[in-house]
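Chemist: Okay, sequence plus prediction incoming.
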2 protein chains.
Amino acid sequence: MPERRIFHKLVSLNDAMKIIERYYPLKPLGIEEVNITEALGRVLAEDIYSPIDHPPFDRSLVDGYAVRSEDLAGADDLHPMRLKIVGVVKPGQHPDISIGPRETAEIATGAMIPRGADAVVMVEYTRRLNDEVEIYRSVVPGENISSTGNDISFGDLVLEAGTRLGFREIGLLAGLGITRIKTYIPPKIAVFSTGDEVIEPWKKLSPGKVYDVNGQLITSGLKQIGADARFMGHLPDDYDEVYDAIDDALRWADIVITSGGTSAGVGDLVYRVFENMGEPGIIIHGLKVKPGKPTVVAVAKNKLLFGLPGFPLSCFMIFNVIVRPIVASMLGLKRTRTYRLKARLPYRVKKPLGKTWLLPVALVESEKGLTAYPVSMRSGAISPLYNSDGYVVLPEDRDLLIEDEEVTVELFDETRGFSKLNIIGSNDMLIHRILAESGLRSISRVIVTGSTGGWKAVIRGEADIAPTHLLDKETGKYNTPFLDKYGLKGKAVIIRGYDRKIGIVVQEGNPKNIHSIEDFLRNDIRIVNRTRGAGARVLLDILLHRVAEKKGLSFDDVKKMINGYTYEVKTHTAVAAAVKHGRADAGIAIEAAAYLYGLDFIPLAWEEYDFLIHKNRLDKEYVKAFIEYIRDKERIKKIASLLPGYKIPDDIGTIKAS
Amino acid sequence: MPERRIFHKLVSLNDAMKIIERYYPLKPLGIEEVNITEALGRVLAEDIYSPIDHPPFDRSLVDGYAVRSEDLAGADDLHPMRLKIVGVVKPGQHPDISIGPRETAEIATGAMIPRGADAVVMVEYTRRLNDEVEIYRSVVPGENISSTGNDISFGDLVLEAGTRLGFREIGLLAGLGITRIKTYIPPKIAVFSTGDEVIEPWKKLSPGKVYDVNGQLITSGLKQIGADARFMGHLPDDYDEVYDAIDDALRWADIVITSGGTSAGVGDLVYRVFENMGEPGIIIHGLKVKPGKPTVVAVAKNKLLFGLPGFPLSCFMIFNVIVRPIVASMLGLKRTRTYRLKARLPYRVKKPLGKTWLLPVALVESEKGLTAYPVSMRSGAISPLYNSDGYVVLPEDRDLLIEDEEVTVELFDETRGFSKLNIIGSNDMLIHRILAESGLRSISRVIVTGSTGGWKAVIRGEADIAPTHLLDKETGKYNTPFLDKYGLKGKAVIIRGYDRKIGIVVQEGNPKNIHSIEDFLRNDIRIVNRTRGAGARVLLDILLHRVAEKKGLSFDDVKKMINGYTYEVKTHTAVAAAVKHGRADAGIAIEAAAYLYGLDFIPLAWEEYDFLIHKNRLDKEYVKAFIEYIRDKERIKKIASLLPGYKIPDDIGTIKAS
């Protein structure tokens, strides 16, 4: 009988991951460029910033007539307007015509808006009369036009390294004209089965034998998540054969995975082979977990070796909790993860203290939510492979889980996870860079709603962090006065952010000689505005109120005098794009946006861009990490130095008001 | 200018699916056999019934010593028992030894239990002394043994036609020794882009042009769900070129998909090509939906042709709501679907009446649950490809959705969906056949808890249908008395099911001459019992109470007299398997299980197998469908005729009690 080995020191799952990381870098082994047509399922190894504006020009959203909106003022069924047709614009053409007063051009969906036109009337509201057209409806400027960069602006971060490329991502890359991309090289993994008791599934079953589940299960599971996995066959319980096969496999593979032969009983073959394969050898021998205790992990020849338990459920569970997250790290995956759902136990579950249980469960939906029915936890079972949806980790320090207790179910299927840090509110360029540098980006989602939308999202409990730069008309102060106004006094804090230089963005060289907001009232100037709730819109309105006062006019009068006041776009970069492409002569945006588009900039103010956070979120792991990160002001200054128009105050990251 | 076409009759999404189904059969085009090593991602085209018991023999769950449990009665740290070691059983061996009184054999995890032994003591509780072993703990019969068929029984339905084969399914098939399986042949789909305004992503962008998103998006999307899709390139706005290209593609493809050229404006090229491609030609021209109105569907040469809108978001949405479900049907997919989640709107959404909106949303998680933030719905947008998680269908007849209104979000990622019909309770063979025949199986999940578990699951609101055959000791009636006992009087109904013949299962030829429950008390008989809560267990206990009374013994005394009373298995088939493989001489099970294993059967009773359903579930679509299906008694009789031991009453499907 071979020497009997006792598990030296059982380690917990968490410790196991830490030990492995100490001996083996859990990161991709290399990068290769692939064509997008072959990239489905691969993992992106670079951040993708949009190299173009999308749409790349102002285009029509409908079939109809491109018009100057002022020509149709007052048009309706009883008072149609007649315009002269000066041409036809087809999709894909660069129109060589220009629309003058009382002129129009027929235009198709997707076609470029000709110079002079500022709206499109749908064909349904027109009647053609030879070279004229009768129009039965008025339009507002910008109606039925999708403007340049309105969807995605040049320089916008659209995809991040670590993203699994699904069909949506491939389509997006195509739409941005990006055809070659850097992807991580998937790890090469050799899979073996061991044990004289298992035979390959294509053979005849004889007494005492079972079919090998694990070889196919692990190999397919690795392929499914994108690894380059190969099943290398079944090995007999013979030291030399196992040693030679693994030694050979290591010439090709980055990782070797065996199943079976790891228990402390008769055999313990894999342990001995791994131990002799090279330094440092065995790093884990036994896990404090059920099922899955007899798991062996070794590092040798700078490769990673897993000896998984032979019993299928044990093997499957350790695959899920150890192998899969490690391979996911090596694949470079960051934004794709398995789903986690909350569910309740239908009855109490008793277990011994001191051991983590991995309990496969079947999920059942009812009015009350999801219930997690435990299914077989016998280590030799294979039925959980088809009758369970995921598993629950029952912690070491619990011996009884009660009926209706809420548990977290990890689903077996990988898919896109939801964000763990929701940033909802004002848009900014620096915050994206901070998220990228801090490593928080892959677990964050930024939803741009404008500052006021962010305040509402904090009240609704949806935003973890709401970036805000709201200017209070009465006090001239940013952000803090609104705690009272929104009823958040004592409930939320404003964390000091940074200052952004905001001003008027104009064409390069400022050909129209624009020097102040008053110039916006000039007849020869057309502006681009931000949507309601945006900080820049609020600033413009405050400045226009002052202009109105000075001129003895009403605010409404002033608004009406401004060409383009109703032409609204969503972001700073979209403002810059509108000016760059001549749709507007001026707009309000931050300096960084002007810089990105090579435009001139007339400063108006430094605005205070802060972070509104509900008090009940201050303890949330990633919120804390964010605040801590920005508190290092030298670090943030360094990141900000790459963009003009930012000023980092000494008190960044501290509580400004609460 | 070409003739202008008006959309003839816009149809709703639902009507669109119905029209397409009328002209084109939405089912797989063929079946091919593949090896499981190449089956990952394919769709199973046959039901898989287990061809073996799993485990295929009684095996040890631990490393230790195989013993006769009676030899260790009273063993503990102070009173160790010494047994003689008569051999070693290694994994994969068919042991040729037999364990006699006060004998044992060393045994490894996974190894076959030698004849005579009925339990295994873990090595941790032993001390070896040459050819003897000292044992410090007693064991109960069956301890540390995984018995034949206990996990999966021969004949169990394990996978259903229509299942996408992931790594778990591949592993399962391997474990059952199934290596060649029938899968559906994926449909061949040719994808084209059209329109002079789009250029391929690898070309240089010129004014008025946009990069083609749709070609790569659709092709990758189809590949991702398992279709055999090929991008056939970009076609100019030229009737003959488009006609010829599609005509050529139809030699290979089952489906042709184009994008662009479908609007009623300048061009409308695809419409004319499809119309002239063959009979019946165009079947849908325009959808009552936004985005995505200019969608054309045609059938020609017995193939399906889709003309999707050119604008990316429109194209993407119609891909999700029309193309993808149709291709999923042709792939034969039944059990895989996109996820649906409930979420709330963060603010009100206004829309015109009379049109369905497909609104892409970004999901945000908070304490209150999920919120669905609307993102751009502009048809030309591509940003939703990366900044949304799914979409909400806003119905035609709504013009305002209020803040916090609950909506259903369809996620873009496909994964396993949860069951729509939860059947929790007693296990039965006929019910599986009924579910299969009725077509309800693919949306159902059967969780076996025993009858009493089913009653509790109804009370908890988890079971839609709880199959039950509980016998009331006092009244001798099945099921109905328990409505009162469980407090469900007036709240739930019992729907009449059918009768099952239950009895004693014995070896073929009845070598031990077992004729009644009284024989279970014989010294030479070992039984297999069911788990607590199972109807057969309840029946056995009732019968044993009678035996006890008759013999003037207590029930506890009688239980103790029965060898194997504590040997519990989960299903009827597991009882039969235990008898078949000699682990027990007799057990209580239904006749169908005995028949399946070729065993003899001594009838005891006809038990009433009914369905407990909470009143608030009676209106649920699939519950109604189930009841309606079983009400056709001739149909159920026909299904039942393939199995012995079932009797279908005239009042099946009617309310028996409430």
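Modeler: On my side now, so go ahead.
Chemist: what ranges do the helices span in the stretch 201-350 of chain A?
Modeler: A:214-224, A:239-249, A:269-275, A:312-318, A:324-331 (DSSP state H, counting those that start in this stretch).
Chemist: and of those helices, who's closest to chain B?
Modeler: helix A:214-224 (2.8 Å; Cβ to the nearest Cβ). (Glycine included, C-beta is placed from N, CA and C.)
Chemist: average pLDDT for the closest one?
Modeler: When pLDDT is averaged along helix A:214-224, the result is 94.
Chemist: Of all the residues in it, which ones are buried?
Modeler: A:Asn214, A:Gly215, A:Gln216, A:Leu217, A:Ile218, A:Thr219, A:Ser220, A:Gly221, A:Leu222, A:Lys223, A:Gln224 (16 or more other Cβ atoms under 10 Å in any protein chain shown).
Chemist: Which strands or helices does it pack on?
Modeler: Contact here means 3 or more Cβ pairs under 8 Å, 6 or more residues apart in numbering or on different chains; DSSP states H and E; on that basis helix A:214-224 packs against strand A:188-194, strand A:228-235, strand A:255-259, helix A:312-318, helix B:167-175.
Chemist: how far off helix A:214-224 does the third one point, in degrees?
Modeler: This points to strand A:255-259. Strand A:255-259 and helix A:214-224 are oriented at 150 degrees to each other (axes from the mean of the first three to the mean of the last three Cα atoms, to 10 degrees).
Chemist: in the stretch 501-650 of chain A, which spans are strands?
Modeler: Assigned strands in the stretch 501-650 of chain A, in chain order: A:527-530, A:568-569, A:586-590, A:600-614, A:646-647 (criterion: DSSP state E, counting those that start in this stretch).
Chemist: any idea which of the helices of the stretch 201-350 of chain A is most buried?
Modeler: helix A:312-318 (a mean of 29; mean count of other Cβ atoms under 10 Å in any protein chain shown).
Chemist: ok so, going back, okay if I get the helices and strands packed on helix A:214-224 as a markdown table plus distance to B:Pro80?
Modeler: Listed next are these as a markdown table, based on distance: least, Cβ to Cβ, whole Å:
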| stretch | distance to B:Pro80 |
| --- | --- |
| strand A:188-194 | 34 |
| strand A:228-235 | 38 |
| strand A:255-259 | 35 |
| helix A:312-318 | 30 |
| helix B:167-175 | 39 |
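Chemist: okay, the ones you listed, which one's buried deepest?
Modeler: helix A:312-318 (a mean of 29).
Chemist: Show me what it is packed up against.
Modeler: helix A:214-224, strand A:303-308, strand A:356-366, helix A:384-387, helix B:167-175.
Chemist: and the ones you listed as JSON lines, adding distance to A:His581?
Modeler: JSON lines is the format used below for these (distance: least, Cβ to Cβ, whole Å):
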{"stretch": "helix A:214-224", "distance to A:His581": "45"}
{"stretch": "strand A:303-308", "distance to A:His581": "53"}
{"stretch": "strand A:356-366", "distance to A:His581": "50"}
{"stretch": "helix A:384-387", "distance to A:His581": "57"}
{"stretch": "helix B:167-175", "distance to A:His581": "50"}
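Chemist: Can you say which of those is nearest to B:Gly41?
Modeler: helix A:214-224 (7.9 Å; Cβ to Cβ).
Chemist: Closest one to A:Val62 out of the buried residues of helix A:214-224, please.
Modeler: Looking across the buried residues of helix A:214-224 and measuring by Cβ to Cβ, the closest to A:Val62 is A:Gln224, at 43.8 Å.
Chemist: Would you check how far apart the closest one and B:Ala594 are?
Modeler: 40 Å (Cβ to Cβ, to the nearest Å).
Chemist: again, but for A:Phe319
Modeler: Distance from A:Phe319 to B:Ala594, by Cβ to Cβ: 38 Å.
Chemist: For chain A, which helix or strand comes out least confident on mean pLDDT?
Modeler: strand A:336-344 (a mean of 71; mean pLDDT, DSSP states H and E).
Chemist: so which strand or helix has the residue nearest the centre of chain A?
Modeler: Nearest residue to the geometric centre of chain A (Cα atoms, centre = their mean): A:Arg445, 5.5 Å. If you go by DSSP states H and E, A:Arg445 is part of strand A:444-448.
Chemist: mind checking the SS state of the residue nearest to A:Glu46 when sequence neighbours are not counted?
Modeler: Nearest residue to A:Glu46 in three dimensions, chain neighbours excluded: A:Lys182, at 4.4 Å (Cβ to Cβ, 6 or more residues apart in numbering or on different chains). Secondary structure, DSSP: H, G, I helix; E, B strand; the rest coil: A:Lys182 is strand.
Chemist: okay, now A:Lys182: neighbour count?
Modeler: When neighbours are counted by other Cβ atoms under 10 Å in any protein chain shown, A:Lys182 registers 15.
Chemist: repeat for A:Lys368
Modeler: When counting by other Cβ under 10 Å, one arrives at 11 neighbours for A:Lys368.
Chemist: Does A:Lys355 touch A:Lys290 like I think?
Modeler: Yes - contact status for A:Lys355 versus A:Lys290: in contact at 5.4 Å, counting by Cβ atoms under 8 Å.
Chemist: what pLDDT does A:Ile322 get?
Modeler: 94.
Chemist: got the contact list for it?
Modeler: A:Leu13, A:Ala16, A:Met17, A:Ile20, A:Thr295, A:Val297, A:Phe306 (Cβ atoms under 8 Å, 6 or more residues apart in numbering or on different chains).
Chemist: what do you get for A:Leu176?
Modeler: Contacts of A:Leu176 (Cβ under 8 Å, 6+ apart): A:Ile48, A:Ser50, A:Pro51, A:Ile52, A:His54, A:Ile152, A:Val158, B:Pro201, B:Tyr211, B:Ile382.
Chemist: Reformat those as JSON lines; add neighbour count and pLDDT.
Modeler: What follows is the contacts of A:Leu176, written out as JSON lines (neighbours: other Cβ atoms under 10 Å in any protein chain shown; pLDDT from 0 to 100):
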{"residue": "A:Ile48", "neighbour count": "21", "pLDDT": "91"}
{"residue": "A:Ser50", "neighbour count": "24", "pLDDT": "88"}
{"residue": "A:Pro51", "neighbour count": "12", "pLDDT": "90"}
{"residue": "A:Ile52", "neighbour count": "19", "pLDDT": "89"}
{"residue": "A:His54", "neighbour count": "28", "pLDDT": "88"}
{"residue": "A:Ile152", "neighbour count": "29", "pLDDT": "84"}
{"residue": "A:Val158", "neighbour count": "24", "pLDDT": "85"}
{"residue": "B:Pro201", "neighbour count": "22", "pLDDT": "90"}
{"residue": "B:Tyr211", "neighbour count": "25", "pLDDT": "92"}
{"residue": "B:Ile382", "neighbour count": "29", "pLDDT": "86"}
